Structure formats: C-alpha cells, structure tokens
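> the sequence isn't on hand, but the structure is:
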C-alpha cells in the first residue's frame, strides 16, 4: 500500500511546483497525510533521524523511497517559506538536505547493491532522483558546489553530453570515461592520482550504463 503512495509522490511534487491548487505546499502536504494511517505508520517505523541512514531497516529500498518523498515534500514547503522571507525555511530545507545527503552517501559508498536493482525496483527511484535534482538546482541558484569546483576538464566535458531532462549519458561516452577514469585504485588509495577530485562524474557514468 505504501508503494502506491510513493508512486504518486512525483506527481504530487509536480503539482506543488506548478501551484495548481493555489494552496501552500505545507498545507497541501499536511492535509494529504493527516488522516493517512499508512503514511503515519511509516513515519513511526522509519528512522527520520538526520544523523543516520535507512540501511538498518528490513525493507531498505522502501524506507529509502519513503524518506526521499517525505524530505522532498518538506523541501518544497521550506522553499516557499524562504521565498516569503522566513529564515526558518532555510533551516528546514537544509535539515532535509542533510538527511538525504546521508542517505545518498550510504547508497553510493556503503551499500553493495547494483544500481540496476535500485532502478528496476518498483519504488520509483528514477522520478524521485529527478525531483531531488531539480530541488537542489533551484535552491542553489546555479551556484557551484565544492564538488563542482573539484571537477577536472574531462569531468565537465562528459557531463555536457547528458540528456537535458534525465541527465543520462550516451552509452559509448560513459563506457570510455569509466575505462580511463573509473579504476577504483586511483580513487581509494592515499597516493591515488584522483585524490580531491569530484567523483560524481564516475557515478553518473556508471548509473547511465546501468540504465542502458
């Protein structure tokens, strides 16, 4: 039953972004979940502590999807408060982002799970990741992150070829990039040549190949 809620989450987020109903995101979200026993049971069962990830739960993918939906709705509400000049919105937005950052770190570096399993699951991670990307880009206002500043020219050139809507890279470019820049020892060892280099381009190439 919870999976059906998650399936509708991207649609709900798009409606909030379009402001179709003229009601604030916070009121829309709260009114939607107020009487939803399934959603409220999930809140009690899933650890929303921003200091830990969802990897301890029996249903890891379901917990992760729920946490992404929950935080994305919270970020949408916080963004409206920021626009209205309420400083609390900034704190709320960053709290949700810190939680999702921990979730992404656990997913990328600590979980031994093929990305194909993640994307082929029935928890709608593709649309959720797309909405997370939009939320971060809008909030950042186009300002570069510390990882953006640590990119090499080869990284920037690769990401320029990503699909405008999905960000997926062409198969042959992703393969060539991983052959030249994807050796684990170059990233993991203390004397590796890629120390302090942004690793997200490698993740983008690997994820694109999984999708293909």
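Arrived safely, thanks for sending. What you see is a predicted model; the values in this text were computed from it and never measured.
> what's near enough to touch residue 68?
The contact partners of residue 68, taken as Cβ atoms under 8 Å, 6 or more residues apart in numbering, are 100, 103, 125, 128, 129, 132. In short, each C-beta sits where N, CA and C put it, glycine included.
> looking at the residues you listed, which two lie furthest apart in space?
Using Cβ to Cβ, the contacts of residue 68 reach their maximum pairwise distance at 100 and 125, which is 12.6 Å.
> state the distance from residue 198 to residue 3.
Between residue 198 and residue 3 the distance, using Cβ to Cβ, to the nearest Å, works out to 34 Å.
> which one of the two has more residues nearby?
In this comparison of residue 198 against residue 3, neighbours counted by other Cβ atoms under 10 Å, the higher total goes to residue 198 at 18 against 14.
> so the more buried one: helix, strand or coil?
The three-state assignment at residue 198 reads coil, by DSSP: H, G, I helix; E, B strand; the rest coil.
> tell me how far it lies from residue 155.
Remark: distance between residue 198 and residue 155 (Cβ to Cβ) = 6 Å.
> all helices for this protein, in order.
Ranges of helices within the chain are 2-18, 25-33, 37-45, 60-83, 87-109, 115-120, 125-140, 146-149, 153-159, 171-181, 184-188, 200-211, based on DSSP state H.
> which residues sit against the last one?
Where contact means Cβ under 8 Å, 6+ apart, the residues beyond helix 200-211 that reach it are 108, 114-116, 119, 147, 151, 154-155, 158-159, 162, 167-171, 173-175, 177-178, 181-182, 187.
> ok, of those, which come out buried?
Buried by 16 or more other Cβ atoms under 10 Å: 115, 151, 155, 158-159, 162, 168-169, 174-175, 177-178, 181-182, out of the contacts of helix 200-211.
> okay if I get the residues you listed as CSV plus pLDDT and distance to residue 92?
As requested, the buried ones among the contacts of helix 200-211 are exported to CSV (pLDDT from 0 to 100; distance: Cβ to Cβ, whole Å):
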residue, pLDDT, distance to residue 92
115, 72, 30
151, 83, 30
155, 88, 32
158, 88, 34
159, 83, 30
162, 81, 30
168, 82, 31
169, 87, 33
174, 89, 36
175, 91, 41
177, 88, 37
178, 87, 38
181, 85, 37
182, 79, 37
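> of those, closest to residue 15?
When these are ranked by distance to residue 15 (Cβ to Cβ), residue 168 comes first, at 25.1 Å.
> please report how far the closest one lies from residue 130.
Taking Cβ to Cβ as the criterion, residue 168 is separated from residue 130 by 11 Å.
> and for residue 205?
Between residue 205 and residue 130 the distance, using Cβ to Cβ, works out to 18 Å.
> name the residue in the two with the higher neighbour count.
For residue 205 versus residue 130, the count of surrounding residues by other Cβ under 10 Å is larger for residue 205: 24 against 15.
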